[in-house]
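Participant: Sequence first, predicted coordinates after that:
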Amino acid sequence: MFELVALFLVGLSLFFHGVGGLKTHLQGLTSRRLRRQLARWSQHSALAGACGFFFGAITQSSTAVAFILAGLVSNGLITLARALPIVAWANLGTVVLASIDVHTAFLYLLGIAGLALAFELGSANLRPALASLFSIGLLFFGLQMMKQAFAPLPGFFWFNDLVAFLQGSVLAAFVAGALLRLLVQSSSGIAVIAIALAHGGLLSAEQAAMMIYGTGVGVGLSVFLLSSNLRGVPRQLALYQAAINAFSGFALCALFYVEQLSGWPLALHLARAWATGEAMRLAFAFLFLQATSVAVALAGSRLAPRWLEKLSPSAGEEDLARPRYLSENALSDPESALDLAEKEQCRLVGYLPVQLETVRAETAATATLPAETLHLAATAVGGEIQAFLRELMNQHADRDTSERLLALERRQALLGSLDEAIYGFVGIFAKLQAGGASVGPLLDNLAESLNTLVLTAGDAVVSQDNADAELLIGLTSDRGELMERLRRNLLADTPALDSQQKAHLFYLTSLFERSVWLLHQLGLAQISPDHAARPVAQS
């Protein structure tokens, strides 16, 4: 028994690593082309339902489908509203092909993808896809191990004692089905166990049906627990899967008692009328459970997003990493599309001072977001802007529009480099602080100076005013000699620094100097052509 528990824990660990890896590696697949294809594929409810049914039939695990879709939603590849019907219909798809073993197929997937990653096979563009497939393989392998861990339960002597204890109580069988689903991680597997116990006379047909109904509640509990490491929109999808399954289980349990007490011909009567044998009747019970989850999902499709948002509010980090203004429909109107791209660039400039908040003396204690989160968000949004601008190049635009497009491309390149430089500055700054380097006033002055320049750049980009741009250019005029003198004096006046701290300090000042140069270039890029010849004020 201890070996089975260990196997279950290993499977649980692999499952969580698969979910986390899938969420991470899908970031490398967030191209606009892929997003458009997935959006087109899921825009019709009927097509989305058919795809969910197909995936449920192929994977034989609606839980796995829900967590794979959670990764897609997390990375913006598909919206929550379009993922909900796929999850719902995947439950019904698990009824089909339930006798086919796909374990070997996913072992091949895990092995081939893992070897390709280990030996660095394939191009750099292919590796995110391979890593995502490897994570999917880990996810399924983890679920399979959890399923195998408690598959031998019917062979234990205490299990038969438990079944004997359950005899005569349909409610206890319902609870047992829910608890077994938590352990076995396979509703169809528990259905097979229930059919076998009914065939052996250990359970009545009613008890076996109630055990199958209890798996719906078990799915809800299982998905709820397995999604504990998710939050925001991905957790909303998991909670949706948990809710529709749990509700369907409770609904069929209630229908059973209504049928028993009132004599009305409901689910069990239909199963007896349509099926010829006991095993087929219980198979219909499993079908009714999955079909009810789809019906519940369809009935609550309009209210679901609102309630899910209350249960798991969208995380701020997710919104930061998604474009707010870019629209596919705007590509047909280049001028409007460029306006939207400018708005996104203004957002990116706003991320820079928030990164510096994590190291500035006045704001470090109250900073709410780590610099890494903001850097990753800026990288993701910046990539979307670059792809958006590249697509605009394929449009036939006039000269003014083309010049504006080239100017925005240059500004985007500057913003990307500036984000890298400031993120590096923040990282080295934090290392010097953690190392106890006795150069506190200098570090604080550098951080405050860079923050002032970044805020000035933000004003220039947002206002599009040449006066603001000229102010930025003046503040960031060449300070190379001053920085070099500062480095020499600092290294001479702080002999207590070790060699690594001195190297960090030199790199920090270099990053500061590069950031100032990039801000200067950004200011120059903001000057409109008719003001380019005007003298720039020096400070």
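Facilitator: Ah, there it is.

Participant: ranges for the helices of the stretch 1-150 of the chain?
Facilitator: Remark: helices assigned in the stretch 1-150 of the chain by DSSP state H, counting those that start in this stretch are 2-25, 32-42, 45-59, 62-74, 80-93, 103-118, 127-149.

Participant: The stretch 301-450 of the chain too?
Facilitator: Counting by DSSP H, counting those that start in this stretch, the helices of the stretch 301-450 of the chain are 304-311, 316-320, 334-356, 371-393, 399-434, 440-463.

Participant: Show me what the helix or strand containing His504 is packed up against.
Facilitator: Assigning secondary structure by DSSP states H and E places His504 in helix 499-526. On a contact count with 3 or more CB pairs under 8 Å, 6 or more residues apart in numbering; DSSP states H and E, helix 499-526 meets helix 399-434, helix 440-463, helix 466-475, helix 480-493. Glycine gets a C-beta too; all of them are placed from N, C-alpha and C.

Participant: Could you list the low-pLDDT ranges of the stretch 151-300 of the chain?
Facilitator: 151-168, 185, 200 (pLDDT under 70).

Participant: burial count for Pro265?
Facilitator: 11 (other CB atoms under 10 Å).

Participant: Report the contact partners of the closest residue to it other than its chain neighbours.
Facilitator: With CB to CB, 6 or more residues apart in numbering as the criterion, Pro265 has its nearest non-adjacent residue at 7.4 Å, and that residue is Glu259. Shown in contact with Glu259 (CB atoms under 8 Å, 6 or more residues apart in numbering): 265-269.

Participant: Of the helices of the stretch 1-150 of the chain, give the one that comes closest to Leu475.
Facilitator: helix 32-42 (36.3 Å; CB to CB).

Participant: Relative to Phe141, how far out is Glu107?
Facilitator: Glu isn't right for residue 107; it's Leu. 7 Å (CB to CB, to the nearest Å).

Participant: Pick out whichever of these two has more residues nearby.
Facilitator: The neighbour count for Leu107 versus Phe141, taken as other CB under 10 Å, is higher for Phe141 (20 against 14).

Participant: Might you report the residue contacts of that one?
Facilitator: 11, 14, 18, 106-107, 110 are the contacts of Phe141 under CB under 8 Å, 6+ apart.

Participant: Could you export the residues you listed as CSV, including distance to Glu206 and pLDDT?
Facilitator: Converted to CSV, the contacts of Phe141 look like this (distance: CB to CB, whole Å; pLDDT from 0 to 100):
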residue, distance to Glu206, pLDDT
Gly11, 33, 82
Leu14, 37, 86
Gly18, 38, 81
Phe106, 36, 79
Leu107, 39, 86
Leu110, 41, 90
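
Participant: rewinding a little: among the helices of the stretch 301-450 of the chain, show the one with the smallest mean pLDDT.
Facilitator: Of all the helices of the stretch 301-450 of the chain, the minimum mean pLDDT falls on helix 316-320 (a mean of 70).

Participant: related to what we said a few turns ago, please convert the helices and strands packed on helix 499-526 to a markdown table, extending it with distance to Pro313.
Facilitator: Below are those laid out as a markdown table (distance: least, CB to CB, whole Å):
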| stretch | distance to Pro313 |
| --- | --- |
| helix 399-434 | 27 |
| helix 440-463 | 28 |
| helix 466-475 | 36 |
| helix 480-493 | 45 |
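
Participant: This completes my enquiry, with thanks.
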